[in-house]
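**Student:** Structure for this input, please:
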Amino acid sequence: LNFVIEKLAYRPLRNAPRLAPLITAMGVSLLLQTLAMIFWKPDYKPFPILLPDDPIDVMGATTNLVQILIIAVTAMTLAGLMALIHGTRLGRAMRATSENPRVAQLMGVRPDMVISATFVIGAVLAAIAGVMYASNYGTVHHSMGFLPGLKAFTAAVFGGIGNLAGAVVGGVLLGLIEAIGAGYIGALT
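**Tutor:** Numbers count the residues shown, from 1 in each chain. Purely as a prediction, here's the structure:
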């Protein structure tokens with residue numbers, strides 16, 4: 001699906017002003033949410049929780065096995081993505097295309113293929129994130145990716161667009177701000 005979306009919605013905008021792809025991303029997001037609502041109805045649906053939900057105390061914080069597994073899967077996914085980007089020909093082509101598609105093309109890189117592959121990888125990462133999110137909350141619904149997507153975009157802006165390690169730091173920073181803010185604001189009310 002993401003491969004088709006890239007071909008139909010983003011490829012025609014390759015040379016458009018920078019704001020056009022951002023507006024298209026919002027439009028595609030709304031379209032996908034609406035289609036999901038039409039197909040699966042707007043009701044919350046249960047997501048099977050296969051692991052025990054017993055609380056685990058870790059240095060004074062309470063967590064559970066699902067949340068520990070989410071952290072482990074996230075770390076492994078990030079390590080795999082870093083290995084892909086910094087240790088493969090596709091990763092080198094992705095970095096070159098990101099820097100300057102025309103020069104990358106002169107060096108033998110096919111920017112259209114690289115961008116399509118990037119969209120497919122993004123879909124795989126979104127699927128992993130969706131399963132982890134649903135596992136943590138035990139439900140799925142048509143708009144469950146909107147708020148995490150907004151937070152991910154904010155984290156990427158905090159850490160620097162295109163910088164994976166910075167995005168992780170931005171995500172941790174955003175999470176701390178959210179948790180501390182909720183704690184203090186909740187204590188004041």
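
**Student:** Where in the protein is the helix or strand with the lowest mean pLDDT?
**Tutor:** helix 164-188 (a mean of 84; mean pLDDT, DSSP states H and E).

**Student:** buried set for whichever helix or strand Met132 is part of?
**Tutor:** Mapping Met132 onto the secondary structure by DSSP states H and E places it in helix 111-137. Within helix 111-137, the residues that qualify as buried are 111, 114-119, 121, 129, 132-135, counting by 16 or more other Cβ atoms under 10 Å. From N, CA and C alone the C-beta is placed, and that goes for glycine too.

**Student:** continuing past that helix, what's the next helix or strand?
**Tutor:** That would be, after helix 111-137 and using DSSP H and E, strand 139-140.

**Student:** where does the chain dip in pLDDT?
**Tutor:** 186-189 (pLDDT under 70).

**Student:** Just say helix, strand or coil for Leu51.
**Tutor:** Assigned by DSSP: H, G, I helix; E, B strand; the rest coil, the conformation of Leu51 is coil.

**Student:** What's the separation between it and Ile70?
**Tutor:** 11 Å (Cβ to Cβ, to the nearest Å).

**Student:** next one: Val131
**Tutor:** From Val131 to Ile70 the distance is 10 Å (Cβ to Cβ).

**Student:** residue closest to the middle of this structure?
**Tutor:** Ala126 (5.2 Å; Cα atoms, centre = their mean).

**Student:** Buried residues of the least confident helix or strand of the chain, list them for me.
**Tutor:** 166-168, 170-171, 174.

**Student:** could you say what helices and strands the helix or strand Lys151 falls within packs with?
**Tutor:** Assessed by DSSP H and E, Lys151 sits inside helix 146-159. Applying 3 or more Cβ pairs under 8 Å, 6 or more residues apart in numbering; DSSP states H and E, one finds that helix 146-159 contacts helix 19-40, helix 164-188.

**Student:** so which of the ones you listed comes closest to Arg89?
**Tutor:** Arg89 lies closest, by Cβ to Cβ, to one member of the helices and strands packed on helix 146-159: helix 164-188, at 18.3 Å.
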